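Chemist: Got a sequence here, can you model it:
(2 chains)
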Number of protein chains: 2
Amino acid sequence: MTTSRAHPSTGTCPPPLLSRARELTEPVLRTLIDGLPGRLRRVAGYHMGWWDTEGRPAGHSGKCLRPALVLACAQASSDLDAAAAPPVLAAAAAVELVHDYSLLHDDVLDGDRTRRHRPTAWSVFGINQAILTGDTLMALAMQQVAIGKAALVLSRAVQELCEGQSADLAFETRDDVTVAECLAMAEQKTGALTGAACELGALTAGADETVAAAYGRFGRDFGMTMQLTDDLLGIWGDPSVTGKPAGADLISRKKTLPVMAALESGTPVAERLAGIYHDARELDADGLAQVKRLIEAAGGRDWVRAEIARRTRAALAALAEVGPTAAGSADLLLLIDMAGNRDH
Amino acid sequence: MTTSRAHPSTGTCPPPLLSRARELTEPVLRTLIDGLPGRLRRVAGYHMGWWDTEGRPAGHSGKCLRPALVLACAQASSDLDAAAAPPVLAAAAAVELVHDYSLLHDDVLDGDRTRRHRPTAWSVFGINQAILTGDTLMALAMQQVAIGKAALVLSRAVQELCEGQSADLAFETRDDVTVAECLAMAEQKTGALTGAACELGALTAGADETVAAAYGRFGRDFGMTMQLTDDLLGIWGDPSVTGKPAGADLISRKKTLPVMAALESGTPVAERLAGIYHDARELDADGLAQVKRLIEAAGGRDWVRAEIARRTRAALAALAEVGPTAAGSADLLLLIDMAGNRDH
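Modeler: The predicted structure follows:
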C-alpha cells in the first residue's frame, strides 16, 4: 500500500472521500440538530463545530470519518448508489451522532478542556448541558436506525426526557415561566416515558399502530395525573406518610404546578405569594404554613385537582376508543386510580 | 372511581399488579445487569436497590410502575398472555431501564443526594460512574426493543463504548494493567464504533447479516490501526504537524499501547522506564527525550508498528472474504491506508 501524505485528516484539506461524506451527512445532521429546542440545539451545534459560543457560524467541523466508513461499506457491499439511499445516509448520521455523544460525555469524564482546537462543550456551557446534549444526540442516533416501531417509540421518549430536563434546568434561572410551560415540561419529563410504556405494551402484544398510539395517549395522561399528585403531596402530604421532609419543594422554591397556577391566578393573594416566593430568605414553619395558605387561597390546589380530573378523563377516553380486554382494562383503571388518589 | 388507600406505591406493600410486574421484569433486568463488567454492574445494581455499596444483597427495589403499564397495556390490547410473551417482557425491562438511566443522570444534574431513601449513586460512586452507568442502561434498553438488526448493532456499539470508558477510568488507579487489557479497552472505545459504522453501511445497503458482519470486522481492525497510530503520533509525532503539545500523553503518564508494550517487554530497559513512569514528578524536556528513547529501546514502538501491520492484514482479509465492489474497495483501501500511515 502506498503512503498518503496529503494530510488526509485535517479539516482544511480533506481527501475527496471525507469531504464527500461530510457533504452528504452534514445536511442530515443539521436538520436533526436544528430541530432541537433552545439550549440543546446551541450546545450540539457548538460541539459539532458549526457555531461559536454565541451561535454564530464557525468554520470547524468533524472529519466525518465514521460516516465515510458507512458510505464506503454500503458502496462496497452493493451496486446501490449509496449516496442516494436514505437508510444509508441515516446510518451515516447515526454513527456520527453516537461518536459526538461519546465525545461530549468523555470530555466530562476525563475533564478535558480542549477538543478540535476549541474549548470543550462542558467547559463553555457547563457539565449538565454537556451530559444532556450527549444524551439527546444518542437518542437522535437511535431514531435514525430504528427500523421497528418499538425502537422508535422508546428513543423518542428518551429524547423527550432530555428535552424536559433541559427545560427544567432553564426554568431555574427564569422568572417568567408560565403554567403552560410547566405542564409541557412535566409531560416531557414524566408523560413521555409512561406514554411510551403503554404504547410499547400494546405494540409488542401485536396491536396495530393506531391502537398502540391510543394506549400511548392513555399513558401520557396517566403520567400527568401521577406527577400532578406528586406536586400536591409535596406541599400538602403528611411527611410521616410520604417519607419526604415537610415543604421541601416550597423551601427550595421549586416551580411546581400548584405554585405556578397560584402565581398566575391574577388574584391579590398571588401578589403576596410572589413577594414571598421570589424572596431568597429561608422559610420557617410559620412562613411555610403561610405560603401553603396563600397557594390554596389563590386557587393553586383546586387548579391542580381539576387538572388531575381532566387528565384522568382524557386517559379514560383514550382507553374507551380502543376497547381494551376486561382484564387489561381492570388493571389500567386500578393503576390510574392509584396514580391520582394516594397519600404518598 | 374509588380511592385506594392500600398504600399502593410503597416497596413494603405493593398491590398485586405491581408485585407481579416486578416478579416478571426483575429477572430480565437482573440477567442484563449481571452481564455488565465490574464497576458498571456494581453501580447499576446499587442504583436498582438490589445491592448495598459493597455489592451485598439489599432489600430495596423500584416500584416497577412503568413495567406494570407495559404489561397491562399488552393484556388490554390483545388476548395474548402478556406475562409469557418475550417481546412484552423485553419492552417492560426496556422502559424500566430508561427510567433508571434518567434517574441516574437527573440526580447528577440536580445534585440530589437521596433517592429511594438511600444515597444516590453519584454521591456514593462519583459523578463519572453515574453518568457512564446511565449511558449503559440506556444502551441496554435500546437493545431490548431493537427489532431491526441496525438498531441492535448501534446500541451494542454504544454499550461497548461505555464499557471501554469504564475500563479506562478503572485503569487510572491500577498499576497492574496488561497490554491485553489495554488492547481490549481500545477495541471497545474505538473499534466498536468504527466496526458498527462498517456493519451498518453494509446492512443499510441491503447486505445479508453474514456479509455485514465481515464488514464489521473490517471496521474494528480499521479502528484499531487508527488508534494505534494515534498512540505513536502522541509520542513521536511532530507537534507542529499533529497540533498536539509534544509528549502530552507521556507527561500525564497515560497508559498508551507503546508504553504498555515497552513496560511488559521484560527487558532491563523496561525496569528503568517503569521507575520513571511510576514517579509522579513532572517530566522536563530531557526527561521526555529519555522516556521516548527507553520506550523505543524496550521495543514499544516496534510492537505497535507490528500490531498496526497485523490489524491492517486482518482488516484486508475480512474484506477479501466478501468480495467488495471495485469502487467501494478502493475507498476502503484508501481509508485504511490513511488510518495507519499519517503524520497527524
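Chemist: in the stretch 151-300 of chain A, what residue is nearest chain B?
Modeler: Ranking the residues of the stretch 151-300 of chain A by distance to chain B (C-beta to the nearest C-beta) places A:Gly201 first, at 3.1 Å. Backbone N, C-alpha and C define where each C-beta goes, glycine included.
Chemist: name the element that residue belongs to?
Modeler: Using DSSP states H and E, A:Gly201 falls within helix A:192-204.
Chemist: Give me the next element, helix or strand, following that helix.
Modeler: helix A:209-236.
Chemist: buried set for that following helix?
Modeler: Using 16 or more other C-beta atoms under 10 Å in any protein chain shown as the test for burial, helix A:209-236 gives A:211-236.
Chemist: Those residues also near chain B: which ones?
Modeler: A:211-212, A:215, A:218-219, A:222, A:226 (C-beta under 8 Å from any C-beta of the partner chain).
Chemist: And the furthest pair within those residues?
Modeler: With C-beta to C-beta as the measure, no two of those lie farther apart than A:Val211 and A:Met226, at 22.9 Å.
Chemist: for the record, mean pLDDT for the helix holding A:Gly201?
Modeler: Summarised as a single mean, pLDDT over helix A:192-204 is 81.
Chemist: What of stretch A:78-88?
Modeler: 72.
Chemist: Just the strands from chain A, written as ranges.
Modeler: Counting by DSSP state E, chain A has strands at residues A:114-115, A:118-119.
Chemist: so which of these gets nearest chain B?
Modeler: strand A:114-115 (9.5 Å).
Chemist: if I pick the closest residue to A:Leu288 other than its chain neighbours, what's in contact with it?
Modeler: Spatially, and ignoring its direct neighbours in sequence, A:Leu288 is nearest to A:Gly247 (4.5 Å; C-beta to C-beta, 6 or more residues apart in numbering or on different chains). Contact analysis of A:Gly247 by C-beta atoms under 8 Å, 6 or more residues apart in numbering or on different chains lists A:235, A:283, A:288, A:291-292.
Chemist: Filter those residues down to the buried ones.
Modeler: The neighbour-count criterion (16+ other C-beta under 10 Å) marks A:235, A:283, A:288, A:291-292 among these as buried.
Chemist: show me where pLDDT drops low in the stretch 51-200 of chain A?
Modeler: Applying pLDDT under 70 to the stretch 51-200 of chain A flags residues A:77, A:80, A:82-84, A:147-148.
Chemist: Over to A:Arg116: give its phi and psi.
Modeler: A:Arg116 adopts backbone torsions of phi 50, psi 40, taken as degrees, to the nearest 10.
Chemist: ok, it - how many residues close by?
Modeler: Here the number of neighbours of A:Arg116 (other C-beta atoms under 10 Å in any protein chain shown) works out to 15.
Chemist: surely it meets A:Gly62?
Modeler: Yes. The pair A:Arg116 / A:Gly62 is scored as a contact, 7.2 Å apart, by C-beta atoms under 8 Å.
Chemist: what is in contact with those two at once?
Modeler: By C-beta under 8 Å, 6+ apart, A:Arg116 and A:Gly62 have these common neighbours: A:Gly49.
Chemist: How confident was the prediction at A:Thr31?
Modeler: 93.
Chemist: Just send the strands of chain A back as a markdown table, with distance to B:Ala85 and mean neighbour count too.
Modeler: Shown next, in a markdown table, are those (distance: least, C-beta to C-beta, whole Å; neighbours: other C-beta atoms under 10 Å in any protein chain shown):
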| stretch | distance to B:Ala85 | mean neighbour count |
| --- | --- | --- |
| strand A:114-115 | 45 | 15 |
| strand A:118-119 | 50 | 16 |
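Chemist: Thanks again, I'm all set now.
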